[in-house]
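> Okay, here's the prediction I keep looking at, along with the sequence it came from:
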Amino acid sequence: MKRAGTAKFPNSVQLFKFCYKVLLHQRGDKVRDQDVGVILDFNPSDCSHWKRGEKNVRSVFSLAKLAEEMQVEVSLVHDVASGAATVDEAYFEYLESRAMNETLQKALQVPSEEMRTARERTQKFVNAILAQSDFTTPPLYLPEVLRSFAFIGTQPMEMMDKLSRILRVKAGQYCIHYRKGDLKPQTRWSMVKDLGRILFEGERARFPELGAANPNLVEYEEAIFAANLLVPQSMIVDEMSKLDSRRNVVAELAAIFWVPKSLVGFQLRDMLRGGRVIASIGGAETINLGKDIGSIAS
């Protein structure tokens, strides 16, 4: 007799939950289980078996179809199906990937000179932090960075709804709570995003080098901050020169820097946009890089 609460294919259960959450977010109304199953042409019985983990959904064709229908990165669906990412981690990455694209589109409405200045100013700010932290080899060790900000602490917590969140302890003092357990790439990204919100919004006056805040560029500055802190441009170019160009460049870099693939993709697109990658790598790498970025772009 099968013990209650167990599933033959637990990763498939997670995949179903992820698909359900994505559809619910996109449609904004009630979603039925069968709305998920119909993507793969499952009848109600097959759909029920998938939801309970009695049916294994992991073929490359099924995963590609799910990604296409839901308009999410194929690599993200693969991560859930393989157990490399939990539902919460994958859903966070899905939301952040969309948010970063929206942030970029918003920033592009600002005069290009203002956008360029904001990027360069943010990158200079990050470089100073990295130099102070003596960060020379990836991945970045977050406690070393946070030592530069005595007014910000961290604490692991039993959290169910978020990977991390900001607690304002008192005026000018903060604590970033993060989900207790193994620190995953998505949690690291979430913590750095929270750090960026504190620095660029709550305590910007402490850092005159950041200049006055432009409401249309603050989110862009925070995105550039997170990308350059976790995946510095000078290091990403150096690591790319060591990679086998026949492999998935984005996935390899994500593993090296211990960050989600979506964040690597954002950083590479920003570097390509500014012409900072093409000049540093050979033609074969450039071709594969473009394919890899395309595979995670929304």
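Yes, it's here. Residues are numbered from 1 along each chain as shown.
> use CA for all of it now, contacts and neighbours both
Noted.
> which ones are touching the nearest residue to residue 58 once chain neighbours are set aside?
Closest residue to residue 58 apart from its sequence neighbours, by C-alpha to C-alpha, 6 or more residues apart in numbering: residue 81 at 6.1 Å. Contacts of residue 81 were listed using C-alpha atoms under 8 Å, 6 or more residues apart in numbering, and they are 11, 12, 14, 15, 57, 58.
> which of the residues you listed has the most neighbours?
When neighbours are taken as other C-alpha atoms under 10 Å, the top entry among the contacts of residue 81 is residue 15 (30 neighbours).
> Roughly how far does it sit from residue 36?
To residue 36, residue 15 is 10 Å away according to C-alpha to C-alpha, to the nearest Å.
> Same question for residue 104.
Counting by C-alpha to C-alpha, the gap from residue 104 to residue 36 is 30 Å.
> neighbour-wise, which of these two wins?
Between residue 104 and residue 36, counting by other C-alpha under 10 Å, residue 36 is the more crowded of the two (24 against 16).
> which outside residues touch the helix or strand containing the more buried one?
Secondary structure from DSSP states H and E places residue 36 in helix 33-37. Helix 33-37 has contacts (C-alpha under 8 Å, 6+ apart) with 16, 19, 20, 23, 42, 43, 44, 46, 47, 48.
> dump the residue contacts of the first one.
Pointing back at residue 16 there. Counted by C-alpha under 8 Å, 6+ apart, residue 16 has contacts 36, 50, 51.
> can you map out the strands along this protein?
In the chain, the strands defined using DSSP state E lie at 152-157, 164-170, 173-179.
> of those strands, which approaches residue 186 most closely?
Closest approach to residue 186 among the strands of the chain (C-alpha to C-alpha): strand 164-170, 9.8 Å.
> For the closest one, buried residues please.
Within strand 164-170, the residues scored as buried using 16 or more other C-alpha atoms under 10 Å are 164, 165, 166.
> closest to residue 259 among the residues you listed?
residue 164 (15.2 Å).
> Quickly list what the nearest residue to that closest one once chain neighbours are set aside is bridged to.
Excluding the flanking residues, the one nearest residue 164 by C-alpha to C-alpha, 6+ apart is residue 178, at 4.1 Å. Going by DSSP bridges, residue 178 is paired in beta bridges with residue 156, residue 164.
> quick one: the helices in the stretch 51-200 of the chain?
60-70, 74-82, 87-107, 112-133, 142-146, 185-197 (DSSP state H, counting those that start in this stretch).
> so which of those comes closest to residue 156?
helix 185-197 (11.0 Å).
> which strands and helices sit next to the closest one?
For helix 185-197, the packing partners by 3 or more C-alpha pairs under 8 Å, 6 or more residues apart in numbering; DSSP states H and E come out as helix 87-107, strand 164-170, strand 173-179, helix 218-230.
> what sits up against it?
89, 92-93, 142, 163-166, 176, 178-179, 222-223, 225-226, 230, 258-260.
> Taking their axis directions, it and helix 218-230 sit at what angle?
130 degrees (axes from the mean of the first three to the mean of the last three C-alpha atoms, to 10 degrees).
> which ones are touching residue 252?
By C-alpha under 8 Å, 6+ apart, residue 252 lies in contact with residue 243.
> returning to that earlier point: deepest-packed of the helices and strands packed on helix 185-197, please.
helix 218-230 (a mean of 24; mean count of other C-alpha atoms under 10 Å).
> And the contacts of it?
Helix 218-230 is contacted by residues 100, 103-104, 107, 118-119, 122-123, 126-127, 130, 139-140, 189, 192-193, 196-197, 200-201, 257, 259, 263-264, 266-267 when judged by C-alpha under 8 Å, 6+ apart.
> Buried subset of these, written for ChimeraX?
Burial among the contacts of helix 218-230 is assessed by 16+ other C-alpha under 10 Å; the matching ChimeraX selection reads:
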select :100,103,104,107,118,119,122,123,126,127,130,140,189,192,193,196,197,200,257,259,263,264,266,267
